[in-house]
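1. could you work out the structure for the sequence below:
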Amino acid sequence: MRKLNFFTISYISIPTFLFLILWLNAFYSIVSVLSLIIVLVLSNKYLEKKDIIDNENGKLKGILASSFLFALVLCLFSEFGIIGYESYDYTAHNLKFNMLATQDLPLYDKDRDIYMCYYLGNYLVPSFLGKYTSVGMVKIYFFLWSYIGIGLAFTWLQIRLINLSHLKRILLCFALLIGAYVCVILPLIHIVFPQLSYIKSSLIEINEQFILTQIPIFTRSLSESPQHSVPAILGICYFLATFTRGSYFFSLAYFLLASLFLAPFTAIGLVGFLVFACVKNLFNLGKYFLVRSIIFLIFLLLAYGPVMLFLTSSEATDMESNRAIWSSGTPYWSLYYLFYILSSYGIWFLFFGKKLIEFDRTAIAISSIILIIMSMFQMGHYNDLNMRAGVIPQMVLAIGVTYVIIINWSYLFKEYLFTIGVFFWFLNSLSPLKFYYDRLFVLEGTESTIEDPGLEKFGKSYYDFMEKAYPLNPEEAVKQYSLKKGSIFEMYLLKKR
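-> Numbering: from 1, shown residues only. Alright, predicted model coming up:
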């Protein structure tokens, strides 16, 4: 499994490698790239034999084959696959792909005197390949890039579930299409009690200031926002398979920092698992682990320090919509918060009780803590933090729910709450069924293409497009993509144009 581990962390770090070369001035680029190579090698070299996952009875070939076959089907029926319809988000995606493939890097808007600052990692590899081949090929490159990520994710998930039969592992992967996303409660309340203005179909909006919502992982999230979802899905599956194994800590730390440039909220969602791994190693290995960690951390910060400075130099860090839930302007925020937690996540504990932790007691506990804390804070007008970082704990809970149902199927019609829980789970399958039905048979046409993203409809630049896309908060939309003038990154590290 050492080769698989090396391939996984290499895959996630390629965008950062390109960033360090294309965005930084020569001195910092050389230092950071050399450090990146050092930590990449060390993270895999530090793996100890006792922690390396055995290829039990040669199961890896079967796991790889079934994982990548299922990933292929899933990706083909996502909006970056063969489906003709593309959601509105793809206008933004295609614009980014086009800019990265046709313009000089780093991206700079001369009219507004703005350098773009955004987590562009998941766009960068396909665009870079398209720049030197053909812009028309970018979509194919992006499909392959996403497909590899999702295939690796299911591979690591099956490795985590290696003690199950192959059939049960495959069934669990398919069952994740339903997962633990609750699609029926909020819409039902909205229909029955339309006077409850804080419920907007599938979300809770507190005083028009704070939004709480889930997003279905393998349908809407993966299909419309693969730049967030692919790193998140791969990240949590990889962490679940390795975070309790001592010497994987260095690979996990490397993965988490590497995911920053692809999806910063993914990194936030994974922090709890890395903290657990760190504390466990400190107790078990003490000074030996601490000394090795300090050496590794020095090179890790040299490699990824520029990425952290780049992302924290965004104008988005000063947006008014970034707030805590108790700053939403209502004294009843705690009631809304509890209602969201219980209706979106707690309901599964009601149905399945202690069985829900059969999959992984530690992972469920860490995910619950992440949810409880993260749901109290908002970043962005639509609370991207809760939607995107929430994929991590939601994925863990989804695996827990599907694991319980598959392992305890014999309890159906024998245990009252378990039976209701299974039927409630099937009821929530309406969400993915409707999603795929609409995209295959109802929705038609595309918003744009990568070769011709249709920018002329929205203005002269990407920033004009963002202002028109977010008419209620155009200034914040622009800030999300703008590098702050006078920041450390802009003054010292940026390769100026």
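2. use CA for all of it now, contacts and neighbours both
-> OK.
3. F423 sits in which helix or strand?
-> helix 416-427 (DSSP states H and E).
4. contacts for that helix, please.
-> With CA atoms under 8 Å, 6 or more residues apart in numbering as the test, helix 416-427 has contacts from 178, 180, 184, 348, 350-352, 405, 411-413.
5. strands - which of these land there?
-> Using DSSP state E to define strands, no part of the contacts of helix 416-427 is located there.
6. show me how far the biggest helix by length in the chain is from its chain's centre.
-> Ranked by number of residues, the top helix in the chain under DSSP state H is helix 287-312. For helix 287-312, the separation from the chain centroid amounts to 22 Å (computed by CA atoms, centre = their mean, to the nearest Å).
7. just stretch 160-175 next, same as before
-> 22 Å.
8. pull out the buried positions in it.
-> Within stretch 160-175, the residues scored as buried using 16 or more other CA atoms under 10 Å are 160-162, 166, 168-170, 172-173, 175.
9. may I see the buried residues of the following helix or strand past the helix holding F423?
-> For helix 416-427, the following helix or strand on the C-terminal side (DSSP H and E) is helix 430-437. Residues 431-432, 436 are the ones in helix 430-437 that count as buried (16+ other CA under 10 Å).
10. quick one: which of the residues you listed is nearest to V39?
-> P432 (40.1 Å; CA to CA).
11. just give the number of residues close to the nearest residue to that closest one once chain neighbours are set aside.
-> Distance criterion CA to CA, 6 or more residues apart in numbering; nearest residue to P432, sequence neighbours excluded, is T219 at 6.1 Å. A count of nearby residues for T219, using other CA atoms under 10 Å, gives 22.
12. looks to me like T219 is in a strand.
-> No. Using DSSP: H, G, I helix; E, B strand; the rest coil, the assignment for T219 is helix, not a strand.
13. which parts of the worst-scoring helix or strand of the chain on mean pLDDT are buried?
-> Lowest mean confidence among the helices and strands of the chain (mean pLDDT, DSSP states H and E): helix 474-479, at a mean of 82. In terms of neighbour count (16+ other CA under 10 Å), helix 474-479 has its buried residues at 474, 476-479.
14. what's the closest of the residues you listed to I399?
-> Using CA to CA, the buried residues of helix 474-479 come closest to I399 at A477, 34.5 Å.
15. OK, contacts around that closest one?
-> By CA under 8 Å, 6+ apart, the contact set of A477 is 466-467, 470.
16. rewinding a little: any chance of TSV for the buried residues of helix 474-479, columns distance to S127?
-> Shown next, in TSV, are the buried residues of helix 474-479 (distance: CA to CA, whole Å):
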residue	distance to S127
P474	27
E476	26
A477	23
V478	22
K479	23
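17. tell me which of those residues is nearest to V41?
-> Nearest to V41 among these, with distances taken as CA to CA, is K479, at 36.8 Å.
18. I'd guessed the closest one sits against E315; true?
-> Yes. Counting by CA atoms under 8 Å, K479 does reach E315; the two are 4.8 Å apart.
19. quick check, V478 in contact with M466.
-> Yes. Between V478 and M466 there is a contact under CA under 8 Å: 6.4 Å.
20. which residues does I406 contact?
-> Each residue near I406 by CA under 8 Å, 6+ apart is listed here: 168, 171-172.
21. next: E224.
-> Contacts of E224 (CA under 8 Å, 6+ apart): 78-79, 86-87, 89-90.
22. let's see if you can find the most crowded of those residues.
-> S78 (25 neighbours).
23. residue contacts, M379?
-> 321-323, 385-386.
24. and it, how close does it get to G235?
-> Distance, M379 to G235, using CA to CA, to the nearest Å: 21 Å.
25. cool, and Q209?
-> In terms of CA to CA, Q209 sits 31 Å off from G235.
26. ok, L455 next?
-> 33 Å.
27. just A26 next, same as before
-> Distance from A26 to G235, by CA to CA: 31 Å.
28. the more surrounded of these two?
-> The neighbour comparison of A26 against G235 (other CA under 10 Å) goes to G235, with 27 against 14.
29. check the more buried one and give its pLDDT.
-> Looking at G235, its pLDDT reads 97.
30. residue contacts, it?
-> 153, 255-256, 266, 270.
31. apply 10 Å and report the result again.
-> 8-9, 12, 149, 152-153, 156, 229, 252, 255-256, 259, 266-267, 269-270, 392 (CA atoms under 10 Å, 6 or more residues apart in numbering).
32. from I295, how far off is it?
-> Distance from G235 to I295, by CA to CA: 24 Å.
33. and for A324?
-> Taking CA to CA, one finds A324 at 36 Å from I295.
34. do the same with E475
-> With CA to CA as the criterion, E475 and I295 are 42 Å apart.
35. same question, K457
-> Taken as CA to CA, the span from K457 to I295 is 52 Å.
36. just the strands in the chain please.
-> Using DSSP E, strands in the chain cover 108-109, 114-115, 199-200, 203-206, 210-213, 323-324, 377-378.
37. helices and strands around the fourth one, which ones?
-> Here strand 203-206 touches helix 185-192, strand 210-213, helix 333-341, going by 3 or more CA pairs under 10 Å, 6 or more residues apart in numbering; DSSP states H and E.
38. with the fifth one instead?
-> Counting contacts by 3+ CA pairs under 10 Å, 6+ apart, the secondary-structure elements packed against strand 210-213 are strand 199-200, strand 203-206, helix 333-341, strand 377-378, helix 384.
39. with mean pLDDT, mean neighbour count and distance to F193 as new columns, can those be given to me in CSV?
-> Output for these, formatted as CSV (pLDDT from 0 to 100; neighbours: other CA atoms under 10 Å; distance: least, CA to CA, whole Å):
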stretch, mean pLDDT, mean neighbour count, distance to F193
strand 199-200, 84, 18, 9
strand 203-206, 90, 19, 14
helix 333-341, 94, 16, 15
strand 377-378, 92, 21, 26
helix 384, 87, 17, 27
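40. possible to save these as JSON lines with distance to K495?
-> Listed next are the helices and strands packed on strand 210-213 as JSON lines, based on distance: least, CA to CA, whole Å:
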{"stretch": "strand 199-200", "distance to K495": "45"}
{"stretch": "strand 203-206", "distance to K495": "42"}
{"stretch": "helix 333-341", "distance to K495": "44"}
{"stretch": "strand 377-378", "distance to K495": "32"}
{"stretch": "helix 384", "distance to K495": "29"}
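41. got any ranges where this protein has weak pLDDT?
-> 55-57 (pLDDT under 70).
42. most distant residue from the centre of it?
-> Distance from the C-alpha centroid of the chain, by CA atoms, centre = their mean, peaks at K414 (37.6 Å).
43. do you know which of the helices and strands packed on strand 203-206 lies nearest V73?
-> When these are compared by CA to CA, strand 210-213 sits nearest V73, at 27.5 Å.
44. surely V401 meets A180?
-> Yes. V401 is in contact with A180 according to CA atoms under 10 Å; the separation is 6.6 Å.
45. and the helix holding F423, what's buried?
-> Buried residues in helix 416-427 (16+ other CA under 10 Å): 418-419, 421-422, 424-425.
46. ok, so of those residues, who is nearest G121?
-> W425 (34.7 Å).
47. measure that closest one to E208 for me?
-> 31 Å.
48. list the residues that contact R220.
-> By CA under 10 Å, 6+ apart, R220 lies in contact with 78-79, 87, 226, 229, 431-432, 435-436.
49. distance to Q214 added to those residues, as CSV?
-> Below are these laid out as CSV (distance: CA to CA, whole Å):
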residue, distance to Q214
S78, 19
E79, 20
S87, 18
P226, 16
S229, 13
S431, 12
P432, 14
F435, 15
Y436, 18
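50. return the member of those residues nearest to L107.
-> P226 (21.4 Å).
51. burial count for the closest one?
-> P226 is flanked by 26 other residues according to other CA under 10 Å.
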